[in-house]
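what shape does this take:
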Amino acid sequence: MKENPLFDNIDIKFIQAVDEVIAINTELGIKPTNDSAIGKAVYPNNRSIVSAVRGRSKHIPHIALINFAKEFNVDMNYFYSEGNPLSYKPNTIMNITVSGNGINSSGDYSTNIHAGKGEIKGINTAQPGSKNTLVGVIEVNTMINNFISQIDREKAEKFLEIIASVQIESKKATLKFEKLLESKSIEMKEMRQYFEKKLDAIEDQLLETRVKLDEAMKREIELLRQLLEKKNSN
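Numbers count the residues shown, from 1 in each chain. Model (predicted):
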């Protein structure tokens, strides 16, 4: 693959966007959550395209970028301009029902979660047909779910959008804080290395000064000895 600064920058941004989608979807328990699944969704002709771009063996095709932007509601300007931040907000999962040890939803963004021999906890067990919904993650507050089940669909969807936005902004703030801590840690490490070098330089200077003082004292003693010998000879 020939290197091209413009294409390389778009590839980097694409992989960053893919990693963001995978991280958020994994946290929320929705699909897709890996390179292959995303590749299949955005470029059916080559489902390994994400891995190829990640490994720098191919550039991401423009049609794949368009499909990615549509599929995950990402602004296309993000890939071509430095002034547009990445913003991925997954679609809200609606119409959640609980049956036995499983959670199921219907619609375009359906999900099915089963606990095996375990138990499903932390969500309202409203009966099928109610307006019970899942807000972002399975471990949702029961009181919020109860509240949603009592309001009309339009308001429920708006409320869920607000909750999802708060959750995503909270995650972004956490990531920014982690990056800030990492940056400060690197800065402190660099400062320590700088002062260590400074101390080493000062120690070298002190050693050099001490050697010069020792030599000066030796010359002074030798001069005094010569003066005494001359005086005694007279």
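
let me see the ranges of the helices in this structure.
5-28, 35-42, 49-54, 62-71, 77-80, 142-148, 153-233 (DSSP state H).

okay, now the unreliable bits of the protein?
Low-confidence segments of the chain (pLDDT under 70): 1-3, 91-153, 156, 234.

in contact with Asn34, which residues are there?
Counting by Cβ atoms under 8 Å, 6 or more residues apart in numbering, Asn34 touches Ile22. C-beta here means a position set from N, CA and C on the backbone, and glycine is covered the same way.

for it, give its distance to Val18.
According to Cβ to Cβ, to the nearest Å, Asn34 stands 10 Å off from Val18.

repeat that for Leu199.
Distance from Leu199 to Val18, by Cβ to Cβ: 45 Å.

how far away is the residue most central in space within the chain from Glu215?
Centroid-nearest residue in the chain, with Cα atoms, centre = their mean: Leu175, separated by 5.6 Å. Distance of Leu175 to Glu215, given as Cβ to Cβ: 60 Å.

ok, Leu28 next?
74 Å.

compare these two (neighbour count), which wins?
Leu28 (21 against 10; other Cβ atoms under 10 Å).

just to revisit the earlier point, so between Leu199 and Val18, which is more surrounded?
Val18 (23 against 10).

my read: the more buried one touches Asp35, true?
Yes - under the criterion of Cβ atoms under 8 Å, Val18 is in contact with Asp35, at a separation of 6.8 Å.

overlap of the contact sets of the two?
What both Val18 and Asp35 touch, as defined by Cβ under 8 Å, 6+ apart, is the set 50, 54.

count the residues that sit near the closest residue to Phe68 other than its chain neighbours.
In space, and not counting its chain neighbours, Phe68 is closest to Val42: 4.4 Å by Cβ to Cβ, 6 or more residues apart in numbering. For Val42, the tally of surrounding residues (other Cβ under 10 Å) stands at 25.

right, and Val42 touches Val74 too?
No - here Val42 does not reach Val74: they are 10.7 Å apart, not a contact under Cβ under 8 Å.

shared neighbours, these two?
What both Val42 and Val74 touch, as defined by Cβ under 8 Å, 6+ apart, is the set Phe68.

what is the burial count for Asn25?
Neighbours of Asn25 (other Cβ under 10 Å): 19.

quick check: it vs Lys158, distance?
22 Å.

cool, and Leu228?
103 Å.

do Glu20 as well
24 Å.

who's more crowded, these two?
More neighbours surround Glu20 than the other of Glu20 and Lys158, with 18 against 11 (other Cβ under 10 Å).

in contact with the closest residue to the more buried one other than its chain neighbours, which residues are there?
Among residues not flanking Glu20 along the chain, Tyr88 sits closest, at 5.3 Å (Cβ to Cβ, 6+ apart). By Cβ under 8 Å, 6+ apart, the residues touching Tyr88 are 17, 20-21, 24, 72-74, 168.

need the buried ones from those residues selected in ChimeraX.
A single ChimeraX command selects the buried members of those (16 or more other Cβ atoms under 10 Å):
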select :17,20,21,24,72,74,168
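
check contacts around the residue lying closest to Ile10 once chain neighbours are set aside.
Counting by Cβ to Cβ, 6+ apart, Phe79 is the residue found nearest to Ile10 once chain neighbours are left out, at 5.2 Å. Contacts for Phe79 were tallied using Cβ under 8 Å, 6+ apart; they are 10, 13-14, 17, 65, 69.
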